[in-house]
Every structure is written in structure tokens, then in C-alpha cells.
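1. this is a predicted model, with the sequence first.
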Amino acid sequence: MRRLGLRARVTAAFAVGALLLSALMALVSYELVRHSLLDERERTAIRAAYFDAAVVRTGLDTETPDVYEVLRSLDTGGSRRALVHREGQWYARTADEGPSGAVPAGLVAMVAAGEPGVQRVNVDGQPALLVGLPLSKSTGYYEITSLRELEQTFQVLALALTVVAMTVAGSGAALGWYATRHGLRPLTAVADAAEKIAAGDVTARLAPGTDPDLARLSTSFNRMVDQVAERIERDRRFAADVSHELRSPLQTLSAAASVLARRREHLDERTATAAGLVVEEVTRFEHLVDDLIELARSDRPAQREPVDVVALARRVCRAHGLPESLVRPGPGAAAVLWSVDPRRVEQVLVNLLDNAVRYGGGPVAVRLSRTGGSGVVEVDDAGPGVPPVDREVVFDRFVRGRAAHARAGGDGTGLGLALVAQHAAAHGGRAVVGDRPGGGARFRVELPGALS
Amino acid sequence: MAGVLVIEDDDRIRLALLLALEDEGYVVRGAATAEEGLRAQRQDPADQVLVDLMLPGLDGFECIRQLRRDDDVPIVVVSARDDTHDIVAALEAGADDYVVKPVAIKELSARLRALRRRARTAAAPVPVYAFGGLEISPEEGEVRRDGRPVPVTRTEFRLLCELAEHAGRVLSRQQLLSRVWGYDTGDERLVDVHVGRLRQKIEADPANPRHLVTLRGLGYKMQR
């Protein structure tokens, strides 16, 4: 199972803690309120029972007492019921009103022995308070006080307290969520800064000294970024210097070689051959330097912008003397701008076409399509295809086609496909080679995020 | 044939460029420093100037700015530096085109030829294109804003005419590259920086252009 995030865990802990605490509080308050209300009710009931017993005793203190009449004279309201136990006989206000069975035998015995008693009982499934008072040797007075209303009050109270406990737990969770958001804000800032840096903005820093507790984090983070930025800048300067130092003499060579080439027919055969070699190798050296410099800097993030890739592909074909009809925009890829680095995609196309011309018997199609949010560039050729063992290796640096070795020459730089792979990687994608249905190789470059 | 001034501090490169460009039919002069080049251009102006960026003393950027102050001579930067930063800075200083060393002589020659072309004459001669207070007169080679002449370089003028001729329609950066600079395929930053320079001159609020507008991902358009 995946571990919960810090924030979720803190929030859950807050919620559980708040729930426990509020439930305990609710339980304690419920019990306290219940006790005090019940005690209060009991005292009232006993007082009322004594009063009623006094009335009954007076009523019965005659020659021929009518117990029913006496009971009826009592003002007991709706919640109390009076019973008289006289010489083994139960009397109530009405004949049918005889919940005498609810009076436990123990209490009857106690009252008969001359002791007053109080007991909680259930009458017709309702909670009630039973007060038994001895009137004389043979007569006992009993009063049943219904506790139904009180019980309802308890239920309402319990419900209210439960709701309060739940609310408190919910608030605890919200507080936890809120508190962690604040607590984690510095981490969010670090993540944001790290993302910016990864995207190439090495000027991103954490604001120092906003919070003394986090000063160490921001200081060390910023120092790390400083060092990374410095190293990147040093590398960049080195690459720029190397590029400058290589390109300047190449300019002399290139211009001088063109002067030689122009006068080739005026040279003797040996010199002309030598001049031809110089011209060719200068050209190859130029490409090699270009590709090397490109490779050195291709780990930089892609500079994405909206690009009409179909038009770009047609233009590249035209510029390389290939028919524009090679370009086959697939459904969902034509008439849509791709969000890609145009310079890199152009080089991907140039290098794949160049590869097809050099080693693949010429390109037969340039397919532009989409899978999900990825733009897909495919270049098909008419060559012998790439054997499965070589399919990883062809994208390595300085690897040339087997055909090139067979020809014992090859004027490629051996960096073209490595650059294709790097450009794909700069877009977060990859370059692969497979078989084309019907023979030949199919180079496929996926550019995620181009169409999302 | 046309005169080209090569401002390049590396003696060998300068000599090789001189030889190769002369082979292409150009009359070429060399200058080893920006100061020498500026002096030469003032005394006997060449039709086109090639400038290196890393020069002793005054650097290439400043050299371009000073050349540009005097006239609209087409300037091509020939530099071993190919950082976006350098390219954009050189173009913003006023260069018309930018090539990275090593450049093939045929390519350099093609660039120079493209910059020498005058504004393409429209199919049906239009005396003046008007966009609000902005007037472009292809025949006179003049741009006026609210009646006052606006100084533009030859390349800027060709770009403006191209856009004005197709007013209301979007021209992609590649179309503009091919029509104005003669590139089959080239660096679109060339167009972007030139459009930026033009806006500084013809728009009342260059940050919020009214006439020369950008259509993101598509290109540029002139509108009234």
C-alpha cells in the first residue's frame, strides 16, 4: 500500500485527536448532566410522594375509608400515578389502572416492614421512578413518576453532543490541513524553485530569512543552486570558448578551400586530388564541429513554442532536394500547431532524412501523427532496415551504419542519430527504430506534450 | 561589382574571406579593428559590411551601432558565437543578418546578394500604403509617420513593404525569411528582431502594436 503523504497523516492525526477529545468531553458532560437532572427529578418525586402520602393518610383515617375516592382526590397531574397497597389489595385511581405488577416484591416487603424506598423501574416499557412509603402497618402508598420527558431530554442532549463531537473532529481535520499548508509552504517554495532550476532558470532562489527555523534550509539550498549555476556557467563558457576556438580556424579553412576548389581545373592532377580531399574533409569537419557543439548543449531544456510542423517538414524536404510529397500528415496532426522546440525538431527531421539518404536507400515517407498528447515523427526508408541487435546502438555517438563500413568510407559524422535521441529526450520523449511494413527501417521520434 | 568591407581581427580569416569573396566577384576591403572599419566606411563607404563580434577595442556590437548611426548600409555579422543572446543583441544593434562561422562562401555570397535587392515592386504599382498615420511609399523608398519621415534600414523597409503589400493577411516567419532575406530555411529570430526594431520606429506604443501585430504560432500581419 502506498504510504500516506505527510499532509494527509497530519490531518488524520488532528482529526482523530480532536474526535477523541471531543467525544470524551461529550461523554463526561452527558453523564454529569444526566446525574444532576435525575437527582433533581428524584428529589422532586420524593417530595411530591410524601405530600400525596400525607393526603392519602388523612383520607384513609376515617371509619369506612373509600380508597378509590381518596386516590381520586389527589392532584397528581399526567406524569404521576398513585397506588395504594392495603391488606394485600392494590388500589389505583381507576379500576383498570393497575400497573401494580410493576412494583417489585422487594420494595413491597420493605414498605410493609415500615421502610420507605425509591427504585427505578420500567412501566409499560417507559422508564419511571417508583417511590414507596408506609402509611400504616397494613397500608403502603406507592407513586410512579414517569421519566419519559427526562429521557427525551437525554436523547436530545446526546444527539447534540454527538453533533458537537463530530464538528470538532471535522474542525480538527480542517485545522490540520490548514496548519500543514502553512507548515509545508517552505517545502512548496523549495519544490517550485527546484522545478524552475530544472527548467533552466538558474536565477531561482529561496527568499532568505523569512522564517528563522527554515534559514538553514534556504541558505544551504541557495548555496547549492549557486554552485550548480556556477558550474553550468563554467561549462557554458567552456563550450562557447571551444566552439569559438574551433570555428574560427575552420572559417579560414573553409574560405581557403573554396578558393582551391574554384581553381581545381588549373591544378595538376596530384594537387587537384589533394585539394579535393582538403575541401571534402573541411566540409566534414565543419559538420562534425557543428554536431559536437550541438551535442554538448543539447541537454538544455527544449524551448517550446507553437510550430506548424507539417510546414516545417515540407520546408526541410525542399531544402534537401526531396519532394514535399514525402510528408504525410496523419489525422489529428495536420493543421494543428505542435508545442515543440522548432530548432530541435528541424534538426531531428534533417538528421533522420540525412540518415535515410546515407544509409537507408533514401526516405520514402515522413509521417507526422499523434498518440495522446505526444507528437510523433516517423521517417521511413527503403534500405535494408536495422537489425534488432543494432537498434539500441544506432543512437549512440560515433556509430555509423554497417553499410558505411562496407563502403569503407562514409562522410557522416556519426552523431546525427545521437542528436536525434537527445532532442527527443529534451522534449521528454524518445527515439526508436523498427521495421517498416514492406521493408526498410522506420525511425520514430515521440515528442510528449506537443499536443496536450 | 559591389564593394564589401570586412571587419575581422583575425588576419588569416580576413585574408581567406578576402580571397574567396574576390573569387565571387566582389571588390573587398579589410579592416582589423572596428575603429579602422568605421574610419574606412566614413571616408569611402562600401555597399555592404561584414562584421565579427569579438573585436579588440570597440566590440562588434558597438561597431554595428555606430555604422547604423551613419547610414542604412546592409550589415552581416560573421561570428563564431551562436548564443541566442549574442545573435539577438547583434540584430538589435542594427545588423541585417547573422551567419555563424564557419560559413560556406557560396552561402555568404547568397546572403550578401539577398540584402542588396531593392524592395520588390508590387504587381500593380501602389503609390502609398496607408495605415492610420503611417504611410509607406515603395516608389520613393520612404516611410512617414504623421507626415514626418521615419528612418528605416533597407532590410526593415523591405520587410515593411512585404507586410504592407499583404495587409490584413498573416505572413509566417518562414515566408518573410524567404521573401526578405532569401532564405530557404533560416533562423526565425531574424524576423522577430527586425519586427521589434520596426515597431520601435512605426508604432506609437511598441509594446502594444496597433499596425504590425503578432499572431502567436502563425506569424505577423499588418493592419489598419
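-> That came in fine, so what should we check first? Numbering: from 1, shown residues only, chains lettered A, B, ... in the order given.
2. and the residue of chain B closest to chain A?
-> When scored by C-beta to the nearest C-beta, chain B has residue B:217 as its residue closest to chain A, at 2.8 Å. Yep, even glycine has a C-beta here, placed from its N, CA and C like the rest.
3. residue contacts, that residue?
-> Residue B:217 makes contact with A:305-308, A:337, according to C-beta atoms under 8 Å, 6 or more residues apart in numbering or on different chains.
4. these also near chain B: which ones?
-> A:305-308, A:337 (C-beta under 8 Å from any C-beta of the partner chain).
5. just give me the closest of those to chain B.
-> Among those, residue A:306 lies closest to chain B (C-beta to the nearest C-beta), at 2.8 Å.
6. surely that closest one is within a strand?
-> Yes. Counting by DSSP: H, G, I helix; E, B strand; the rest coil, residue A:306 is found in a strand.
7. what about it, how many neighbours?
-> 15 (other C-beta atoms under 10 Å in any protein chain shown).
8. report the contact partners of residue 211.
-> Looking at chain A here, since you left the chain open. residue A:186.
9. that was the other one, I meant chain B.
-> The neighbours of residue B:211, taking C-beta under 8 Å, 6+ apart as the test, are B:131-132, B:134, B:202-203, B:222-224.
10. just the strands from chain B, written as ranges.
-> Using DSSP state E, the strands of chain B run over residues B:3-7, B:27-31, B:48-51, B:75-79, B:97-100, B:129-131, B:134-137, B:142-145, B:148-149, B:212-215, B:219-222.
11. again with the stretch 51-200 of chain A
-> Here the stretch 51-200 of chain A has its strands, by DSSP state E, counting those that start in this stretch, at A:80-86, A:89-92, A:117-123, A:126-134, A:139-146.
12. can you check the stretch 251-400 of chain A too?
-> Going by DSSP E, counting those that start in this stretch, the stretch 251-400 of chain A shows strands at A:305-307, A:327-329, A:338-340, A:363-371, A:374-381.
13. could you list the domains of chain A?
-> Listed domain ranges for chain A are A:6-153, A:212-295, A:302-447 (source: automatic domain parsing).
14. closest to residue B:58 out of those domains?
-> Distance to residue B:58, taken as C-beta to C-beta, is lowest for domain A:212-295 among the domains of chain A, at 18.8 Å.
15. can you give me the neighbour number for residue 59?
-> As the question left the chain open, I've gone with chain A. For residue A:59, using other C-beta under 10 Å, the count is 18.
16. look at chain B instead
-> Neighbour tally, residue B:59, other C-beta under 10 Å: 15.
17. where does the stretch 151-300 of chain A come near chain B, residue by residue?
-> Residues of the stretch 151-300 of chain A found near chain B (C-beta under 8 Å from any C-beta) are A:240, A:243-244, A:247-256, A:258-259, A:262, A:286, A:293.
18. rewinding a little: dump the strands of the stretch 51-200 of chain A to a markdown table, plus mean pLDDT.
-> Formatted as a markdown table, the strands of the stretch 51-200 of chain A follow (pLDDT from 0 to 100):
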| stretch | mean pLDDT |
| --- | --- |
| strand A:80-86 | 82 |
| strand A:89-92 | 80 |
| strand A:117-123 | 83 |
| strand A:126-134 | 86 |
| strand A:139-146 | 86 |
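19. right, so the ones you listed: which one is the most enclosed?
-> Stretch with highest mean neighbour count among the strands of the stretch 51-200 of chain A: strand A:139-146 (a mean of 24; mean count of other C-beta atoms under 10 Å in any protein chain shown).
20. then that strand to PDB, C-alphas only?
-> Extracted as PDB, the C-alpha positions of strand A:139-146 are listed here (Å, rounded to 0.1, in the frame of the first residue of the first chain):
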ATOM      1  CA  THR A 139     -51.100   0.100  54.100                       C
ATOM      2  CA  GLY A 140     -48.400   1.300  51.800                       C
ATOM      3  CA  TYR A 141     -48.500   4.200  49.400                       C
ATOM      4  CA  TYR A 142     -46.700   4.000  46.100                       C
ATOM      5  CA  GLU A 143     -46.200   6.700  43.500                       C
ATOM      6  CA  ILE A 144     -44.900   6.100  40.000                       C
ATOM      7  CA  THR A 145     -43.400   9.100  38.400                       C
ATOM      8  CA  SER A 146     -42.800   8.800  34.600                       C
END
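21. ok, it: who's next to it in the sheet?
-> strand A:80-86 (antiparallel), strand A:126-134 (antiparallel) (DSSP bridges).
22. and the last one, how far from the chain's centre?
-> Okay, so that is strand A:126-134. A distance of 62 Å separates the centroid of the chain from that of strand A:126-134, by C-alpha atoms, centre = their mean, to the nearest Å.
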